[in-house]
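Novice: this one's structure only:
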């Protein structure tokens with residue numbers, strides 16, 4: 001077939017980034033905005049940003065983000081705007097195709113122009129803060145040259161995996177658009193699911209006053225993400241903004257955090273919020289048509305121009321994108337084009353993200369969530385009136401519950417159309433459970449509050465497809481029995497090292513060993529005794545952890561994973577099913593193989609976990625066994641441990657180094673004495689500059705669960721002020 005992807009040789013751009021050029025009018029505006037903002041960096045480098053208006057504070061926030069990690073901001077917007085191939089080359093071309101088709105920048109520009117004045121000011125301040133930084137630092141080159149206010153409307157969800165594809169893979173999009181699309185039959189053969197190496201899980205816990213020592217509600221914020229994915233900051237204005245927490249690089253709202261009255265933790269949701277429609281497409285006179293309700297409707301076309309780095313040049317490529325009324329066509333399965341219907345980008349999503357940060361009551365928080373546009377997040381909530389709550393998702397389309405929405409549905413009939421949105425109280429939720437606790441660990445909501453959990457039979461299957469996972473099993477065990485919880489005890493619970501999965505994995509191994517012949521028993525006597533005596537907790541001094549994780553990883557690979565890359569957790573039922581496929585010989589052989597692998601890699605299988613499981617933050621991003629590092633006792637959340645530390649050996653190392661897991665973590669007590677008390681910790685430190693004292697000043701606390709005090713009130717900030725300045729100074 002003729003290749004549709006072709007280089008436009010009319011325009012070949014030199015490969016370079018563009019320096020910021022500001023007009024005198026813009027410079028005057030930037031300077032005026034900067035004078036209105038005060039940034040106080042505390043003794044951990046955390047910026048506390050003060051200004052008369054919300055827009056002033058947003059300006060200061062974006063400037064401070066650029067100081068800490070301009071590259072992180074640029075990378076996120078290269079992704080969100082579908083411009084990664086411009087920097088990274090051909091390998092990112094079809095990711096850009098997907099993103100540009102899923103989120104049209106023309107819609108974002110229109111939303112910006114139609115925004116109310118007060119909200120437009122926030123987006124203007126967002127762009128001005130970044131552009132002022134680029135103006136003050138001409139040595140820094142940006143691919144964009146100038147950030148536009150509407151960019152904020154392209155990045156409205158702070159999640160790691162914020163783009164919903166309905167289960168369609170990138171390879172399907174590449175296959176469809178790398179050649180001239182056809183209406184012929186191409187057999188679809190699903191590939192084995194390969195999980196994203198980035199940790200996308202999270203934990204959120206809320207406790208009612210009945211469970212706490214202060215008799216006030218408490219919240220634990222524990223996202224599991226790639227290290228250094230977010231910053232920590234406080235935003236305070238004279239317009240009522242007073243919020244502290246984690247902010248995804250390049251966004252101007254606190255994604256997970258708290259204000260004086262409310263706190264919220266988002267966990268990734270696997271609720272079905274995006275659907276694929278199988279379209280019956282025909283071609284006539286060179287034009288494509290699709291069948292709908294007995295009629296032939298023309299397929300809409302849109303030209304995409306995507307710049308691709310090729311050597312030292314950037315070459316524009318054109319691709320024709322196709323759309324039905326359901327959405328962009330992103331692939332072809334078994335003779336049907338697949339159109340995606342989803343809500344990946346919307347004005348209301350950004351508005352909701354902002355408004356929750358200014359909510360002062362449960363009612364105000366619910367009113368903000370009534371915008372129903374948070375498409376990929378669950379929310380665990382607590383407030384100073386003693387309320388705790390949980391919503392499984394937020395944006396939830398109404399659909400025919402008799403259909404299987406986990407698979408592409410027939411796009412030719414009206415019966416598969418969405419029928420509006422479920423209201424906030426119609427989605428799966430928990431308000432002030434009698435059990436006094438709420439947990440969510442990317443797990444089923446139907447066990448989130450023990451005996452007070454929602455009744456699964458009252459909700460359609462598409463609302464909550466998650467099964468149970470081992471983190472949730474562990475959390476329920478801990479919080480069901482918890483009482484008189486202090487902020488330090490909450491941190492201890494959140495750092496619990498029990499590995500629940502081995503309660504299921506090890507008994508079959510021990511049973512297989514008991515049934516083995518004498519030669520096998522003699523060969524495996526020592527490792528089996530080691531595992532039998534192990535208390536199933538992780539720790540730096542334990543050989544059992546090294547052996548168990550090496551063996552357990554092999555066994556887990558037999559367990560089926562979720563239906564798509566959007567389901568990134570090992571669920572208990574999947575592991576149980578996987579174990580049934582393994583006979584006694586395989587379980588014992590895997591243990592032997594695990595020992596041999598350790599022997600080959602380290603010279604001895606008797607190796608302590610902390611000797612090979614390390615935290616290191618190299619200046620150049622390349623891990624080095626000869627450079628200083630810190631032993632880490634935690635393991636991946638795969639095995640049910642609440643604090644997650646995902647580590648791997650690389651091509652040039654023998655030791656394993658952490659790359660994702662616990663990131664910004666906070667424990668919040670909404671009292672006593674009408675004041676919020678909180679403690680937090682970040683992976684490594686606030687700054688991404690290796691020369692900064694705040695590059696690794698939180699590393700030891702992060703590894704050992706020793707949190708720093710959150711300086712929420714200005715008097716406390718001033719006592720620990722390291723630097724006070726206006727942006728640009």
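Specialist: Yes, it's here. Note that the coordinates shown come from a computational prediction; the quantities given were computed from them, not determined experimentally.

Novice: which other helices and strands contact the strand or helix carrying residue 60?
Specialist: Assigned by DSSP states H and E, residue 60 belongs to helix 54-80. Where contact means 3 or more C-beta pairs under 8 Å, 6 or more residues apart in numbering; DSSP states H and E, helix 54-80 is packed against helix 24-35, strand 38-42, strand 47-51, helix 93-102, helix 117-136, strand 230-237, strand 242-248. The C-beta positions use only the backbone N, C-alpha and C, and glycine is treated the same way.

Novice: in this structure, what spans have low per-residue confidence?
Specialist: Across the chain, the ranges flagged by pLDDT under 70 are 1-20, 161, 184-200, 559-570.

Novice: Return the residue of it that is most distant from the centre.
Specialist: residue 518 (49.1 Å; C-alpha atoms, centre = their mean).

Novice: In space, what's closest to residue 393 - neighbours in sequence excluded?
Specialist: Once flanking residues are discounted, residue 393 sits nearest to residue 271: 3.8 Å by C-beta to C-beta, 6 or more residues apart in numbering.

Novice: show me what contacts the one you found?
Specialist: Residues near residue 271 by C-beta atoms under 8 Å, 6 or more residues apart in numbering: 378, 392, 393, 396, 462, 463, 464, 465.

Novice: among those, who's most crowded?
Specialist: Among the contacts of residue 271, the one with the most neighbours (other C-beta atoms under 10 Å) is residue 378, at 29 neighbours.

Novice: ok so, going back, relative to residue 681, which of the helices and strands packed on helix 54-80 is closest?
Specialist: strand 230-237 (9.4 Å; C-beta to C-beta).

Novice: what about the most centrally placed residue in the chain, which SS state?
Specialist: Centroid-nearest residue in the chain, with C-alpha atoms, centre = their mean: residue 160, separated by 2.7 Å. What DSSP: H, G, I helix; E, B strand; the rest coil gives for residue 160 is coil.

Novice: next one: the one 3 residues further on
Specialist: Here residue 163 takes the coil state, with states given by three-state DSSP.

Novice: How about it, nearest residue that isn't a chain neighbour?
Specialist: residue 344 (5.7 Å).

Novice: related to what we said a few turns ago, what angle do the helix holding residue 60 and strand 230-237 make?
Specialist: Angle, helix 54-80 to strand 230-237, by axes from the mean of the first three to the mean of the last three C-alpha atoms, to 10 degrees: 160 degrees.

Novice: Just to check, residue 64 is in contact with residue 233?
Specialist: Yes: Residue 64 lies in contact with residue 233 (C-beta atoms under 8 Å); the separation is 6.8 Å.

Novice: intersection of neighbour lists for those two?
Specialist: 47, 49.

Novice: Residue 398 - how many residues pack around it?
Specialist: 15.

Novice: show me the contacts for it.
Specialist: 418, 419, 420, 421, 422.

Novice: likewise residue 696?
Specialist: 617, 684, 685.

Novice: Which of the residues you listed ranks first by neighbour count?
Specialist: Ranked by neighbour count under the definition other C-beta under 10 Å, the contacts of residue 696 are headed by residue 685 with 24 neighbours.

Novice: hmm, back to that, which members of the contacts of residue 271 are positioned in strands?
Specialist: Mapping these onto strands (DSSP state E) picks out residue 378.

Novice: Would you format the contacts of residue 271 as TSV with distance to residue 97 included?
Specialist: What follows is those, written out as TSV (distance: C-beta to C-beta, whole Å):
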residue	distance to residue 97
378	30
392	32
393	28
396	28
462	28
463	31
464	32
465	28
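
Novice: Now for the contacts of residue 271: which two are most distant?
Specialist: The widest separation within those (C-beta to C-beta) is 15.2 Å, between 378 and 462.

Novice: looking at it, residue 213 is touching residue 490, isn't it?
Specialist: No: counting by C-beta under 8 Å, residue 490 is not a contact partner of residue 213; they are 9.8 Å apart.

Novice: Those two: which has the busier surroundings?
Specialist: residue 490 (25 against 17).

Novice: Would you mind pointing out the helix or strand that one falls in?
Specialist: Per DSSP H and E: helix 487-494 holds residue 490.

Novice: Quick check: the gap between the residue nearest to the centre of the chain and residue 60.
Specialist: 26 Å (C-beta to C-beta, to the nearest Å).

Novice: Repeat that for residue 107.
Specialist: Applying C-beta to C-beta to residue 107 and residue 60 gives a distance of 29 Å.

Novice: Between the two, which is the more surrounded one?
Specialist: Neighbours per residue (other C-beta under 10 Å) separate residue 107 from residue 60, with residue 60 holding more: 29 against 15.

Novice: By neighbour count, which of the contacts of residue 398 wins?
Specialist: In terms of neighbour count, residue 422 stands highest of the contacts of residue 398 at 20 neighbours, by other C-beta under 10 Å.

Novice: That one contacts residue 396, doesn't it?
Specialist: Yes: using C-beta under 8 Å, residue 422 is in contact with residue 396, at 4.3 Å.

Novice: So which residues of the stretch 251-400 of the chain form strands?
Specialist: Taking DSSP state E, counting those that start in this stretch, the strands of the stretch 251-400 of the chain run over residues 256-258, 262-268, 275-279, 281-284, 287-292, 295-298, 300-310, 313-324, 327-333, 336-341, 377-383, 388-391.

Novice: residue ranges for the helices of the stretch 451-600 of the chain, please.
Specialist: Applying DSSP state H, counting those that start in this stretch to the stretch 451-600 of the chain gives helices spanning 470-481, 487-494, 502-514, 518-533, 543-556, 572-580, 584-602.

Novice: Relative to residue 318, which of those is closest?
Specialist: Closest of the helices of the stretch 451-600 of the chain to residue 318 is helix 572-580, at 42.8 Å (criterion: C-beta to C-beta).

Novice: Next, the angle helix 502-514 makes with the closest one.
Specialist: 10 degrees.

Novice: Who are the packing partners of helix 572-580?
Specialist: Checking 3+ C-beta pairs under 8 Å, 6+ apart, helix 572-580 ends up next to helix 470-481, helix 502-514, helix 543-556.

Novice: can you list contacts of the longest one?
Specialist: Spelled out, that is helix 543-556. Contacts of helix 543-556 (C-beta under 8 Å, 6+ apart): 499, 501-502, 505-506, 509, 527, 530-531, 533-534, 538-539, 570, 575, 578-579, 582, 587, 590-591, 593-595, 597-598, 605-609, 612-613, 633, 635-636, 638-639.

Novice: Next, the angle from that helix to helix 572-580.
Specialist: Angle, helix 543-556 to helix 572-580, by the same axes, to 10 degrees: 90 degrees.

Novice: gap between helix 543-556 and the chain center?
Specialist: Counting by C-alpha atoms, centre = their mean, to the nearest Å, helix 543-556 is centred 26 Å from the centre of its parent chain.

Novice: Going by neighbour count, which residues of that helix are buried?
Specialist: Buried residues in helix 543-556, defined by neighbour count with 16 or more other C-beta atoms under 10 Å: 543-552, 554-556.

Novice: Alright, that wraps it up for me.
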